[in-house]
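>>> I would like to see how this sequence folds:
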Amino acid sequence: MTKETWEDRLELTIPPAPPVEEETVQDGSFQTEQVVQAARESLDFLAALALPTVFKYLFPDIFKGIWAWLCSKVQLKRDFSQLAIGLPRGFAKTMVIKLFVLYCILFTTKKFILVIAGTQGKANNIITDICGMLDEPNIK
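A predicted model of the protein is given here:
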C-alpha cells in the first residue's frame, strides 16, 4: 500500500480530538490560619509548602505513621525517649527528619535542636537545607 492509503485509513479510524476549552482559574487562596493548621496536621502539606520544587508525591503510610510518632513525642514536656527509624538507604529518612526539624521550629517551643550526622559536612548540609526551607516564601 502506498503512504497515502495508510494516511487515509488512519484518518478514518482515529476520531477527531474534542475541542480544547480554556480552563477557568478559580481563586484557590487560603486564609493564613488554614494554611498554618494544615501544615501543623499534615506531613504532605508541610512538605509541599517547604519544598514546592522537590515535593512531587505524597508520603506513604509508613512515613505518616513515623511522623505521627515523632509529633506525639515532641509535644511531651519532659521525655527522654530514644527513637530510631530503620529503613533502607534512599527511602527519604533524612528528608522526613529535615521536615520534622522544620516542624519543631515552626510549631513547638523547642529552643535548641541538635543535629548529629555521620560527618560534620553532612550535618552542615542538613542545617543548610532546613535554612533553605525557612527561606521558602511559602513558609515566610
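
>>> any idea how far Leu46 lies from Thr109?
18 Å (Cβ to Cβ, to the nearest Å). C-beta: built from backbone N, CA, C; applies to glycine.

>>> Comparing these two, which residue is more hemmed in?
Leu46 (24 against 7; other Cβ atoms under 10 Å).

>>> can you tell me which residues contact that one?
39-40, 99, 102-103 (Cβ atoms under 8 Å, 6 or more residues apart in numbering).

>>> Find the centremost residue of the protein, please.
Ala47 (2.6 Å; Cα atoms, centre = their mean).

>>> Quick check: closest non-adjacent residue to Ala47.
Phe55 (4.6 Å; Cβ to Cβ, 6 or more residues apart in numbering).

>>> Kindly tell me how buried the one you found is, as a neighbour count.
Using other Cβ under 10 Å: Phe55 sits among 17 other residues.

>>> same deal with Gly132?
So Gly132, with other Cβ under 10 Å, has 13 neighbours.

>>> Who are the packing partners of whichever strand or helix holds it?
Using DSSP states H and E, the element containing Gly132 is helix 120-135. Using 3 or more Cβ pairs under 8 Å, 6 or more residues apart in numbering; DSSP states H and E as the contact test, the elements touching helix 120-135 are helix 93-107.
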